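Novice: Predicted model and sequence below, questions to follow.
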Amino acid sequence: MSTQYLDQTDREILKLLQQDAKLTSKEIAAKLRRRPSTIFTRFNRLKNLGYIKDSVTLIDREKLTGLMIVFINVQLADHSSGALTVFQEQIRVHQEVMECYHTTGQIDFVLKIVVQDMLAYKEFLIQKLSKMTNVQAYTSHFVINEAKRELAYPLENI
């Protein structure tokens, strides 16, 4: 989606919503000194253009003891377009996979998975990831501490 449709007001609306998705059109309008009807119209336009996909509630991971976050670097044997597409389709169905990034360099994909414990991690590796025919190698990195977690995209220079 091209950013040619975003003006300063659109970017300000997106910034505010990234900070607090529960803001109403009226609240955003007051912060931006605009009319609520204008904000409502722009919000719907941003949603229709695909800039706003969804709203979620962020949960404090430290309150949920027993969750492990693991980043897995995956190398594939076949790098053809079809093989890359198949891997991405296969990985999407696993609920443990929170994020999947196709990357450059020696690593083909970086997965962020969340599991209950080491047994669930082992189960994911042996019963799911290792059984994918194109997976050549993988390395895992366990999260010890979450020093920073930012989900809002910077919008200043777009």
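Specialist: Perfect, I can see it now. All values reported here derive from a predicted model rather than from experimental measurement.

Novice: C-alpha from now on. contacts and neighbour counts both.
Specialist: OK.

Novice: which non-adjacent residue is nearest the residue located most distally from the centre of the chain?
Specialist: In the chain, counting by Cα atoms, centre = their mean, residue 35 sits farthest out from the average C-alpha position, at 31.9 Å. Excluding the flanking residues, the one nearest residue 35 by Cα to Cα, 6 or more residues apart in numbering is residue 29, at 5.6 Å.

Novice: check which helix or strand covers the one you found.
Specialist: Using DSSP states H and E, residue 29 sits in helix 25-32.

Novice: list the helices and strands that helix packs on?
Specialist: Packed against helix 25-32, as judged by 3 or more Cα pairs under 8 Å, 6 or more residues apart in numbering; DSSP states H and E, are the following elements: helix 8-19, helix 36-48.

Novice: at 7 Å instead, please
Specialist: Applying 3 or more Cα pairs under 7 Å, 6 or more residues apart in numbering; DSSP states H and E, we find helix 25-32 packed against helix 36-48.

Novice: Verify the stated contact: the residue farthest from the centre of the chain with residue 28.
Specialist: No. The pair residue 35 and residue 28 fails to qualify as a contact (Cα atoms under 7 Å) at a distance of 9.2 Å.

Novice: ok, the residue most central in space within the chain - contacts?
Specialist: For the chain, residue 99 is the residue whose C-alpha lies nearest the centre (Cα atoms, centre = their mean; 5.6 Å). Contact partners of residue 99, counting by Cα atoms under 7 Å, 6 or more residues apart in numbering, are 111-112.

Novice: Which neighbours in the sheet does the helix or strand where it lies have, and how are they oriented?
Specialist: For residue 99, the element it lies in under DSSP H and E is strand 97-102. Paired neighbours of strand 97-102 in the sheet (DSSP bridges): strand 109-115 (antiparallel).
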